Every structure is written in C-alpha cells, then in structure tokens.
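A.B. asks: Sequence first, predicted model second:
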Amino acid sequence: MIVKEDLLNKLRHYFSLNLYEVRLWTALLSRGVSTAGELSDIANVPRSRSYDVLESLEKKGFVLQKFGKPIKYMAVPPEEVIDRVKKHMKKEADEKVNRLDDVRAGEVMTELNSLHKQGVELVDPTDLSGSLKGRHNLYNHIDMMIKSSDEQVTIVTSKEGFIRKVEGLKHSIKKASERGVVIRIAAPLDKDCMKVYKDIKDFAEVRSSEAKARFVIVDKEELIFMVMDDSEVHPTYDVGIWVNTPLFANAMEDMFELAWKDLAPADEVLK
C-alpha cells in the first residue's frame, strides 16, 4: 500500500492523529480486515507499537477488534468515523469551554486580575502601546476594547471593513450599546452594505464617509489605527498600532467630530 505523504499529513490534521495512527488506519482501510502484524508490515510501523496504536484507534472509534485468534481488526466506514470524531471534538471543546467558565467564576480569576492590576500599576505610560499583526489579532483587540468601553466607541473603516466588523463584532457592539455606550461608525456605504447595516442599525449610528482611513477610538483614551490599505494587503499581513493615550485619542476624536457633522446618515444613502 502506498499512501501519499500529503494525504497522510492532511488526515493527521483533520482527525488529530499521530503518524503511527494515521499509517495503521489507512493501511486497515485498504485491507478491510487484518492482523496487527500484517498492518505493521504494510504501514511500516514497529510491531512493538502496533498493538498500542490500534488500541488507541479503537478507543477513538476508528477500528473494531474482532473476536477470535489471531486478533484481527476491522475498519469502521469513513463516514461513520467522521460522525464519531465530530461528536468527540464537540464534547472535548465543550469541556474546555466549561473549564474556562469555571476559571472565570473562581478564585483563579481573582488572582489573575490581581497580578494584572499590579503589573499595570508598574507600567510606564509610554509603554502602553503595541503593534498588532494579522487581522485576526487586530479584531480580537478591537473586540476587547469595545467590551471594556464605558462611554463612546468611534469606528472609521473601509466598506469591506464595515461588513467584516459588523459580522465579527456585532455581539460586543450590541452589549456595549445596551450598557449605554454611544457607537458611531463611518464607512463608504453602498448596496452591498445593506444587509449588515440592518443588523447593526439598532445599536450604532452609521454614516457614509469616503475617507480612506481605518481606526477605532474608545472613550477618548485608547486608539488603534491600521497602517495599510485593506484592499491591498492579505489579512495575515494587516498591521495595526494600538496606543493608550488620552491626549492623542482625544485629539483624534475632536477631529472626527468635525467631519462627522457633515456625513450623510446611512438611511439616506442606502434607501
């Protein structure tokens, strides 16, 4: 049996298997029913390891052990394997999420917050800045900023950025709005934005802007601005600068306020 390394690597990634597991599994799939020794020879896995690996595959739901001697193994149909792996992954993910919820509600969280508070008190104000690389990291940080907002969130972005931010940050924006935070978004709007605008219009005031800029200001204290045109850069190479400086953030907010007055409301543009 010859299975391409590319396929083996994909299967390892998709099914969370190690190299010996994926080799023995694919060998058994090609045979239907076989002994551990036969599979060991076919898959090039040491015989001393084959029984342990097959036992692991059996526990994970990939193979069945037949009665009788010599001991033989039978492959579970791949469609059934996928269903079993999905259930296992979901159960495992739920358990991890529940553990994190327990951490949030327990003493460990109190200790972590205490450590963080002590650390922040020792930080020089000039150190409260950083570079964020990759759109995923940028959006995670923006999400955190919105969650911690008390009064106002200002978002200026591109059309594509408006669609992405509404889809990715809608929950946090809604929660912030319910806390009384004023949310304002400025972006170039057209008919492509209609659907996401309907999703966000009850929680944020949206106006149309042609400014080629992308930044977020929170409570006139924190500011994150993207330094590249999102239409010309791959998401993994997008870069943003975060600063926690009331002086600069307040100045940016004042300049935005002047422009905001002249922007057309989304309802007029998208009618």
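C.D. replies: Perfect, I can see it now. Numbering: from 1, shown residues only.
A.B. asks: ok, now which ones touch F225?
C.D. replies: By C-beta atoms under 8 Å, 6 or more residues apart in numbering, the residues touching F225 are A213, R214, F215, V216, G240, I241. For the C-beta atoms, the positions are set from N, CA and C on the backbone; glycine is no exception.
A.B. asks: pretty sure the last one belongs to a helix, no?
C.D. replies: In other words, I241. No: the assignment for I241, made by DSSP: H, G, I helix; E, B strand; the rest coil, is strand rather than a helix.
A.B. asks: I'd say it and I224 touch.
C.D. replies: Yes: contact criterion C-beta atoms under 8 Å: I241 and I224 qualify, at 6.9 Å.
A.B. asks: Same question for the helix or strand harbouring K170: list its buried residues.
C.D. replies: Taking DSSP states H and E as the definition, one finds K170 inside helix 159-178. Neighbour-count burial for helix 159-178, counted by 16 or more other C-beta atoms under 10 Å, picks out 159, 161-166, 168-169, 172-174, 176-177.
A.B. asks: neighbouring contacts of the helix or strand L54 falls within?
C.D. replies: L54 is part of helix 47-60, with elements assigned from DSSP H and E. With C-beta under 8 Å, 6+ apart as the test, helix 47-60 has contacts from 20-21, 24-25, 36-37, 39-40, 45, 63-65, 73, 84-85, 88.
A.B. asks: what do you get if the cut-off is 7 Å, keeping everything else the same?
C.D. replies: Here helix 47-60 makes contact (C-beta atoms under 7 Å, 6 or more residues apart in numbering) with Y20, E21, L24, W25, A36, G37, L39, S40, V45, V63, Q65, Y73.
A.B. asks: Check pLDDT for those residues and point me to the minimum.
C.D. replies: Lowest pLDDT of these: Q65, 87.
A.B. asks: quick revisit: go through the contacts of F225 and name the one nearest L29.
C.D. replies: When the contacts of F225 are compared for distance to L29 (C-beta to C-beta), G240 wins out at 46.3 Å.
A.B. asks: sec struct for Y73, please.
C.D. replies: Three-state call for Y73 (three-state DSSP): strand.
A.B. asks: How about it: what's its closest non-neighbour residue?
C.D. replies: In this structure, Y73 finds its nearest non-sequential neighbour in V63, 4.9 Å apart by C-beta to C-beta, 6 or more residues apart in numbering.
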